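Colleague: The sequence and its predicted three-dimensional model are supplied below.
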Amino acid sequence: MDPKDDQKIRFIMEHFQKDSPFDVKKELDGDVQSALHWIGQRSAEQVRTERERIISDIERQGARMWADGACDAWLNKCSHGAREVVKGVNGPMFHKLAQSVAFDDMQAIQAFREGTAFCAVLFFVVCAACVRWQAYLSLECWTNAI
């Protein structure tokens, strides 16, 4: 065998014994891990029932916030003149949901009322809330967070 072939084979063998630089090892967020554990202990029907209960509870609370004037009071503090644009935003509910999942940028929610680059904030808040709620909606502890 040619000595260069031997070097090539050795190089390849050494390469395959090393960890791949393209293998990204990620750890799931603790909320996601808890949700997966919770889901794993229940049937699909139990998970759907609990999700429906939580969503119904959120909808009831949201309707109550509109009915008792909390949303209008929040919207009345709009300082950027765009109340017409954000008139459907339930600010108190956004705030409550964000607190219940320990969302770490409450200013993003206030931006609806106080003004900022509106589209960027809307995108950021919706994306962040969706990711956090995918995990959280499956957890039993919603009623304890309220």
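Modeller: Structure received.
Colleague: next structured bit after the longest helix along the chain?
Modeller: If you go by DSSP state H, the chain has its longest helix at helix 44-67. Downstream of helix 44-67, the next assigned helix or strand under DSSP states H and E is helix 70-75.
Colleague: Counting by contacts, list what that next one packs against.
Modeller: Using 3 or more CB pairs under 8 Å, 6 or more residues apart in numbering; DSSP states H and E, the elements in contact with helix 70-75 are helix 91-100. For every residue, glycine as well, the C-beta is placed using N, CA and C.
Colleague: Show me the shaky parts of the protein.
Modeller: Low-confidence segments of the chain, defined by pLDDT under 70: 1, 79-82, 115-146.
Colleague: just the CA coordinates of the longest helix of the chain, formatted as CSV?
Modeller: Listed in CSV are the C-alpha atoms of helix 44-67, where the atom choice follows Å, rounded to 0.1, in the frame of the first residue of the first chain:
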residue,chain,number,x,y,z
ALA,A,44,-54.4,12.0,24.3
GLU,A,45,-58.0,12.6,25.4
GLN,A,46,-56.9,13.7,28.9
VAL,A,47,-54.5,16.2,27.3
ARG,A,48,-57.1,17.5,24.9
THR,A,49,-59.6,17.9,27.7
GLU,A,50,-57.2,19.8,29.9
ARG,A,51,-56.1,22.0,27.0
GLU,A,52,-59.7,22.8,26.3
ARG,A,53,-60.4,23.6,30.0
ILE,A,54,-57.4,26.0,30.1
ILE,A,55,-58.3,27.7,26.8
SER,A,56,-62.0,28.1,27.9
ASP,A,57,-60.8,29.5,31.2
ILE,A,58,-58.6,32.0,29.4
GLU,A,59,-61.5,33.0,27.0
ARG,A,60,-63.9,33.5,30.0
GLN,A,61,-61.3,35.7,31.8
GLY,A,62,-60.7,37.6,28.6
ALA,A,63,-64.4,38.2,28.1
ARG,A,64,-64.7,39.3,31.7
MET,A,65,-61.9,41.8,31.3
TRP,A,66,-63.7,43.3,28.3
ALA,A,67,-67.0,43.4,30.2
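Colleague: in it, what counts as buried?
Modeller: Using 16 or more other CB atoms under 10 Å as the test for burial, helix 44-67 gives 47, 50, 54, 58, 62, 65.
Colleague: Show me what it is packed up against.
Modeller: Helix 44-67 packs on helix 91-100, helix 142-145, going by 3+ CB pairs under 8 Å, 6+ apart.
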